[in-house]
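Q: Return a 3D structure for these sequence lines:
(chains A and B)
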Amino acid sequence: MATQPSAMDNLVSLCKRRGFIFQSSEIYGGINGFWDYGPLGADLKRNIKDAWWRDTVHRRDDMVGLDSSIIMHPRIWEASGHVQGFTDPMVDCRACKRRYKADQIKVLRPSGGEGLSFAFFEGDREPADRKIRKQAKADPSAYEVIDLSALDGKDFASVVGPDVDEPGTLTEPRSFNLMFRTQVGPVADESSVAYLRPETAQGIFAQFSNVLATSRQKIPFGIAQIGKAFRNEINPRNFTFRSREFEQMEVEFFVKPGTDEDWHRTWIAERLRWYESIGIAGDHLHQFEYPKSDLAHYASACVDITYDFPFGRQELEGIAARGDFDLSRHQEYSGKSMVYFDEETREKFIPHVVEPSAGVDRICLAVLCEAYAEEWVPKGEGAGGPRPAEPGAPVPEFYEPRTVLRFHPRVAPVKAAVFPLLKNRPELVEKAREIYRDLQRRHRVFWDQTGAIGRRYRRQDEAGTPFGITIDFETLENGTVTLRDRDSMAQERIPAAEVAARIDPAAG
RNA sequence: GCGGGCGUAGCUUAGUGGUAAAGCUCCAGCCUUCCAAGCUGGUCACGCGGGUUCGAUUCCCGCCGCCCGCUCCA
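A: From the prediction side, this is the model:
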């Protein structure tokens, strides 16, 4: 049987139980790499996207939005490099379990043709030379260097892999095209091939000129877009973290050449602030700066914003300084000028770009991980607030467990729940209904009249609802209600008329 | 894709070559004046497809899915 369920297992289970995230196509056995957001998840995700759009587009003077199509002209993906870059033939080693990019592996083959061949990493043939002297008792200079891809299928039996000493462990190169192919129109031939976009960014670059001409923006300014993207990942993993269909929130921020570095720094700071504004603790956020050697040739810098997931420190967002690579390539492939004329300085240039590119589903998952807590709550009144549960330990006497999602109210799917203390007292239900209707005009609120009041509070704890509002007989007398705080579980009596004023600023 | 583990109600688990049990959840009702209380009743499952067998949830094979490693980088 399974070992001790991890925190991640418990979260996955809660997501299904409460309707945050379901496996796609579950009734047909599921489909690897695709996920559906249930009633609570749909609102959570929407709140995250809305918060991003408000903060990134509405509340700035230097940003405009765009919503480009998912399927675009296939030449876009030639210009962007995805047609080539996403087609990487890979080779597996059955013995050492390593995987290599076929174009990075070279082979030393005996000039005579007979005998073992030795594979090595391009630029580092020394280990292979050693093996030749030792295993084949031969002179490496009697061997010729060829590409791995130049070998026939039958030749692989005599190839010794880069990290092993025996031949025949390498598979033949297999091509993994990470773009989903489809066709446009009813005729399926090579001329109708199209791709589901593997990133939203190229839609922005392709419309740069139109946006510039219609938005009355001047550099520096940015174009923001939220939308689905698709990558046929070899191996989807870690719940929704690596999915084949996912949603991105991307900005292409166009700047004057030479100011790239400043803007890059500015955006990193801006984005870190934003993550904290939706409730992700600063000490779970990190920056990973790519070493120069790992950067794409056109990029001058790239920093990932990472989060400490239960399964490791992983990327939420990449912020790259991409120079003028994208616009230049589209200028080259489309034949249309991407040159910008700066009226103040009378300069002409192709704008450089800084690209903060975030994964919505990854942020959702981070928000869920950050919010998830298992606690011990003292039984009885006045015994104090909840305290964190010790994993694996039994619940102490006079305590009971609770599971709570401590969402920041900005992203919480439901902002408040309204409860009549007793459902069999029509006057309570009626008054509660009135308050519920009033709040519903401003926020997503939840109605629950079923079961004991404590049970209803706990239900909302698992949904991450920050506020509970209970209507009792005192409400009928003096108009006050109980406002219950999700995190501290503290209760407070306030006039019903003030409830909205308490929820609004928190949920902002 | 390769290697290892796993697949029984919504969740967590039990169990058997003769079609399945429990706790929690959920639904309905009663009761209840503020933190998963109580009582009554109810819904819901052997991932899919083959094979062996008189008979498969159980044994075998394939597929699908989930988890862990290799790999990946929104």
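
Q: what pairs with residue A:495 across the strands?
A: Here residue A:495 shows beta-bridge partners residue A:480, assigned using DSSP bridges.

Q: which ones are touching it?
A: Residue A:495 is in contact with A:479-481, counting by Cβ atoms under 8 Å, 6 or more residues apart in numbering. For the C-beta atoms, the positions are set from N, CA and C on the backbone; glycine is no exception.

Q: Compare the residues you listed and tell me which is most surrounded.
A: Most neighbours among the contacts of residue A:495, by other Cβ atoms under 10 Å: residue A:481, with 26 neighbours.

Q: Pretty sure that residue sits against residue A:473.
A: No: Residue A:481 is beyond contact range of residue A:473, at 11.5 Å (criterion: Cβ atoms under 8 Å).

Q: quick one, phi psi at whichever residue of chain A sits closest to RNA strand B?
A: In chain A, the residue that lies nearest RNA strand B is residue A:454 (2.2 Å; Cβ to the nearest atom of the strand). For residue A:454, the backbone dihedrals (degrees, to the nearest 10) come out as phi -60, psi -40.

Q: What are the boundaries of the helices in the stretch 201-350 of chain A?
A: A:201-206, A:208-215, A:260-277, A:325-334 (DSSP state H, counting those that start in this stretch).

Q: same thing with the stretch 51-200 of chain A?
A: Assigned by DSSP H, counting those that start in this stretch, the stretch 51-200 of chain A shows helices spanning A:75-80, A:82-85, A:126-131.

Q: And the first one, what does it pack against?
A: This points to helix A:75-80. helix A:201-206, helix A:325-334 (3 or more Cβ pairs under 8 Å, 6 or more residues apart in numbering; DSSP states H and E).

Q: so does that helix get close to RNA strand B?
A: No: using Cβ under 7 Å from any atom of the strand, helix A:75-80 stays clear of RNA strand B, coming no nearer than 11.7 Å.

Q: Could I have the CA atoms of that helix written out in PDB?
A: Presented in PDB, the C-alpha positions along helix A:75-80 are these (Å, rounded to 0.1, in the frame of the first residue of the first chain):
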ATOM      1  CA  ARG A  75       5.200  31.200 -40.400                       C
ATOM      2  CA  ILE A  76       5.000  32.900 -37.000                       C
ATOM      3  CA  TRP A  77       6.500  29.700 -35.500                       C
ATOM      4  CA  GLU A  78       9.200  29.600 -38.000                       C
ATOM      5  CA  ALA A  79      10.100  33.200 -37.200                       C
ATOM      6  CA  SER A  80      10.000  32.500 -33.500                       C
END
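
Q: Let me see the residues that make contact with it.
A: Under the criterion Cβ under 8 Å, 6+ apart, residues A:83-84, A:179, A:195, A:198, A:202, A:205-206, A:326, A:329-330, A:332-334 lie in contact with helix A:75-80.

Q: okay, the residues you listed in CSV with pLDDT and distance to residue A:316 next?
A: Below are those laid out as CSV (pLDDT from 0 to 100; distance: Cβ to Cβ, whole Å):
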residue, pLDDT, distance to residue A:316
A:83, 82, 27
A:84, 70, 28
A:179, 87, 23
A:195, 92, 25
A:198, 93, 18
A:202, 97, 21
A:205, 97, 23
A:206, 97, 26
A:326, 96, 22
A:329, 95, 27
A:330, 96, 28
A:332, 96, 32
A:333, 96, 31
A:334, 96, 32
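
Q: Now the buried members of the residues you listed.
A: The neighbour count (16 or more other Cβ atoms under 10 Å) marks A:83, A:179, A:195, A:198, A:202, A:205-206, A:326, A:329-330 as buried among these.

Q: Adding distance to residue A:395, write those out as CSV.
A: Below are the buried ones among the contacts of helix A:75-80 laid out as CSV (distance: Cβ to Cβ, whole Å):
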residue, distance to residue A:395
A:83, 57
A:179, 50
A:195, 53
A:198, 47
A:202, 53
A:205, 56
A:206, 57
A:326, 56
A:329, 60
A:330, 61
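
Q: Reformat these as CSV; add distance to RNA strand B.
A: Conversion of the buried ones among the contacts of helix A:75-80 to CSV gives the following (distance: Cβ to the nearest atom of the strand, whole Å):
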residue, distance to RNA strand B
A:83, 15
A:179, 13
A:195, 16
A:198, 8
A:202, 12
A:205, 15
A:206, 18
A:326, 13
A:329, 17
A:330, 19
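
Q: sorry, back to before: for residue A:317, state which of the contacts of residue A:495 is nearest.
A: Closest to residue A:317 out of the contacts of residue A:495 is residue A:481 (40.5 Å), distances taken as Cβ to Cβ.

Q: Just the pLDDT at that closest one, thanks.
A: Looking at residue A:481, its pLDDT reads 96.

Q: contacting residues for it?
A: Contact analysis of residue A:481 by Cβ under 8 Å, 6+ apart lists A:435, A:469-472, A:475, A:493-496, A:499.

Q: As CSV, these with secondary structure would be great.
A: Formatted as CSV, the contacts of residue A:481 follow (DSSP: H, G, I helix; E, B strand; the rest coil):
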residue, secondary structure
A:435, helix
A:469, strand
A:470, strand
A:471, strand
A:472, coil
A:475, helix
A:493, strand
A:494, strand
A:495, strand
A:496, helix
A:499, helix
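
Q: Please identify the most buried of the helices of the stretch 201-350 of chain A.
A: Among the helices of the stretch 201-350 of chain A, helix A:201-206 has the highest mean neighbour count (mean count of other Cβ atoms under 10 Å), at a mean of 23.

Q: can you list the residues that contact it?
A: By Cβ under 8 Å, 6+ apart, the list of residues contacting helix A:201-206 reads A:66, A:68-69, A:72-73, A:76-77, A:79-80, A:82, A:197, A:211, A:223, A:225, A:227, A:250, A:252, A:326-327, A:330, A:355, A:357.

Q: Only whichever of those residues are buried, select them in PyMOL.
A: Buried subset of the contacts of helix A:201-206, written as a PyMOL selection, criterion 16+ other Cβ under 10 Å:
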select buried, chain A and resi 66+68+72+73+76+77+79+80+82+197+211+223+225+227+250+252+326+327+330+355+357
